[in-house]
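Colleague: Below is the sequence, then the predicted model.
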Amino acid sequence: MVQFRKSFASALSKLGFIEKSYTETTTRPSVAQPYMSTDTGAKLPIFPFPLTMIYELADNIDALRIPIETLNREMFKNGFEVVEKWKYKCNNCSKEFQYAPTPDNPDEQPFEANGDNATSSHPRKKKAVAVPKAQALVCDTCGSNDLLRPIPEHRKTLENLMMEPVNSNQQTLEDVARQLERDFEIADNAYLLLLKNYKIDDTTGEIDAEKTIIKEMLRIEPPQVAMIADSDGRIGYDDKRNKIWVCPRFEHRDARLTTPKCDRCGAQALKAVIEVNSVYSIGIPQPKRVIYGEGEVIWKAGKYKPNLLYGFSPIYSVWSKAMSLSHMDEYIRKYFDKMRPPRGMLVISSRNYETFRKSWDVLEQKAQEDPYMIHPLLVENDKGGKNPAQWLDFTGSLKELEFIEVRKELRMIIGAVYGVLPFYYGETPAGWSQEGLQVTITNRAVLWGQDTLKKAFFSKISKMLNIDDWELQLKTGEETDKLRDLQTDGIEIQNMMMLQQMGFEITRTHTGEFKVSKNTALTPELMFGMGAINGNMNGAGKGVPAPQEKTQSFEGEPNNMRPSDIGGTGQGSPTSGSSMSKKSAYPKGITPSNFEVVKSTLQTAIDYDWKKTKTVEELRKATGMTVRDARDIVATEFEGVKRWEDE
């Protein structure tokens, strides 16, 4: 009923009627950031200086170009991959499965057992294959048998998108994606244009979406883009809150439309989104202005500073530091270049000006031959002096200016904005640990950038191609540490073995995940017994680590007792438990064959605070000795332990 009401309301809105139970619009809060409106109603951001200058800084200053290209290179170095979102998906409750759920054991059924099964129905009307009753699939949440499987043809579509050119300039999707990622790092905005050939019905003017073809994918330069929005940031509206439309035919896009039909050809109009005009970035005699509609542009406003219309480039916050580094480079160039300013001046005082003037002419002639010559300056002095010549040094040394340290700090701050630390600038870190930490931080920035591209562009491209069961993504840039993975798997296997010894049921799914039963099959008495037999073979109670030999903390400290040899309880201090030892004669009732059993039983009695009668009974059961022998052993071994009481 709700769905019918929505469909009915949608039909009324298309016919121009508005249902009275719904409000016409909702007022948005005003946008704090001011924008400049163009004559067509588009909004231009007011930045500290134009984006074209930001691109010039990023292209010409190494301190900016290094982190930007490092992120770009690390993101795309391993290429693309197409992965399935799920193995099975319930068409009723939309639950996704990474295995084939069956009625008897939904969580542990191997995927290979039902790998060839298809769905009984699919919204895209793919050919279905009947599922045998013995292998019927059931959603363990809602009980529905309507399960979907990823369609292989969709994977092929995305793979072709990676390998074939996406525009007439022979650019691949990777080439275009690299440009978009670079726009994120520089302008904090990115725009992908989808040029389409629309199939328009000549009678009704409606657009046939299924027969519409995407011809090219191109990147739009952010400095040329102006978003069509009102003062509240609502896309597709002018400041008077009127909707703006554009005709799908290119020859009719020179003007905005205020109705959803083109007034020249009657075609179904598109909601206007952006206006591209080359005059926004570079002044040319005849600028070309084009308006693009909804479904033709994939864009994201802000990776570093998300906003409604435009992001804010991180370079605006570090441009002064970047310019300082640029001027420092220029200073170094002139410092070693023959056109550098004079490093000093020679001042000479003389009483005879005419005589020195003749020498001056000779020096000038030599200076033309040798530009590195120091030009003297004559200062007339009637009195003379002890120091007729003085040297004035104009240039301080780089060490005095702390040139290297200042450069390091400036580059570190710029790199920190992008998550690229000095290791990638070619600076040697102080130790391997520092290098590893810097690489880890940069890998996090790389993963963030890959995730941004996936959500902002790749997922939307798949949606436009009607693909929702496969996804296109970039392979992770971080190298896999196989040794670390093996160590983690080994620890997990050891934990599962310990749980299995405690009586829990352990199973493993086809994905390699361990599943542990909720309850154990052992009673507490059996678990205590297994702890006495399995966990105490070295003399220590289960969960109690064996004492370790200690060393002296300082010179002159008395040595600690060494762990007792075989035969001592707990392989530790002789006072920690039983004092039996193989070095002494075996007491009556103890033989070499039952020695270890007696030792572990006595230690368990200490760990779990058994009474004397219970200890005697356990010794009789475990070794078969007589009651008298068992009582003698207990009395001998625990004679000095006060917590033992006779029942």
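Modeller: Noted; the coordinates are in hand.
Colleague: secondary structure class for Ala190?
Modeller: Using DSSP: H, G, I helix; E, B strand; the rest coil, the structure places Ala190 in strand.
Colleague: just checking, it touches Arg178?
Modeller: No: taking contacts as Cβ atoms under 8 Å, Ala190 lies outside contact range of Arg178: 11.2 Å. No exception for glycine: its C-beta is placed from N, CA and C like everyone else's.
Colleague: Neighbour count for those two, which is higher?
Modeller: The residue with more neighbours, out of Ala190 and Arg178, is Ala190; 29 against 18, by other Cβ atoms under 10 Å.
Colleague: how far away is the more buried one from Thr452?
Modeller: Ala190 is 9 Å from Thr452, where distance means Cβ to Cβ, to the nearest Å.
Colleague: what residues do the two have in common as contacts?
Modeller: 184, 300, 303 (Cβ atoms under 8 Å, 6 or more residues apart in numbering).
Colleague: Filter those down to just the ones in helices.
Modeller: Phe184 (DSSP state H).
Colleague: Make TSV from the shared contacts of Ala190 and Thr452 and add distance to Thr604, pLDDT and neighbour count to it.
Modeller: TSV is the format used below for the shared contacts of Ala190 and Thr452 (distance: Cβ to Cβ, whole Å; pLDDT from 0 to 100; neighbours: other Cβ atoms under 10 Å):
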residue	distance to Thr604	pLDDT	neighbour count
Phe184	65	96	25
Lys300	66	95	21
Lys303	63	94	21
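Colleague: Which of the helices or strands spans the closest residue to Lys454 other than its chain neighbours?
Modeller: Leaving aside its sequence neighbours, Lys454 sits nearest to Gln473 (Cβ to Cβ, 6 or more residues apart in numbering; 4.9 Å). For Gln473, the host element (DSSP states H and E) is strand 470-474.
Colleague: other SSEs contacting that strand?
Modeller: The elements that strand 470-474 packs onto, with contact taken as 3 or more Cβ pairs under 8 Å, 6 or more residues apart in numbering; DSSP states H and E, are strand 80-84, helix 152-163, helix 432-453, helix 459-464.
Colleague: Of the ones you listed, which is nearest Arg249?
Modeller: helix 459-464 (20.4 Å; Cβ to Cβ).
Colleague: Tell me the buried residues in that closest one?
Modeller: Of the residues in helix 459-464, 459-462 count as buried by neighbour count, 16 or more other Cβ atoms under 10 Å.
Colleague: Quick one: the helices in the stretch 1-150 of the chain, in order.
Modeller: 2-15, 51-60, 62-76 (DSSP state H, counting those that start in this stretch).
Colleague: neighbouring contacts of the shortest one?
Modeller: Okay, so that is helix 51-60. Here helix 51-60 has contacts from 64-65, 68, 185-187, 222-223, 281-282, 313, 315-316, 319, 322-323, 326, using Cβ under 8 Å, 6+ apart.
Colleague: let's go with 10 Å and repeat that
Modeller: Outside of helix 51-60, the residues within contact range by Cβ atoms under 10 Å, 6 or more residues apart in numbering are 45, 47-50, 63-65, 67-69, 182-183, 185-189, 221-225, 280-282, 310, 313-316, 318-319, 322-323, 326.
Colleague: Any of those buried? List them.
Modeller: Buried by 16+ other Cβ under 10 Å: 45, 63-64, 67-69, 182-183, 185-189, 221-225, 280-281, 310, 313-315, 318-319, 322, 326, out of the contacts of helix 51-60.
Colleague: returning to that earlier point: weakest of the helices of the stretch 1-150 of the chain in terms of mean pLDDT?
Modeller: For the helices of the stretch 1-150 of the chain, the weakest mean pLDDT is recorded on helix 2-15, namely a mean of 50.
Colleague: Could I get the full set of strands for the stretch 301-450 of the chain?
Modeller: 344-350, 376-380, 389-393 (DSSP state E, counting those that start in this stretch).
Colleague: Apart from its neighbours in sequence, what residue is nearest Pro587?
Modeller: Leaving aside its sequence neighbours, Pro587 sits nearest to Ile633 (Cβ to Cβ, 6+ apart; 5.9 Å).
Colleague: Show me which residues of the one helix or strand the one you found maps to are buried.
Modeller: For Ile633, the element it lies in under DSSP H and E is helix 627-637. The neighbour-count check on helix 627-637 (16+ other Cβ under 10 Å) flags 629-634, 637 as buried.
Colleague: sorry, back to before: return the member of the buried residues of helix 459-464 nearest to Tyr35.
Modeller: The closest of the buried residues of helix 459-464, once distances to Tyr35 are taken by Cβ to Cβ, is Lys460, at 25.0 Å.
Colleague: For Arg253, see how far away the closest one is.
Modeller: Lys460 is 23 Å from Arg253, by Cβ to Cβ.
Colleague: What of Ile214?
Modeller: From Ile214 across to Arg253, the span is 18 Å (Cβ to Cβ).
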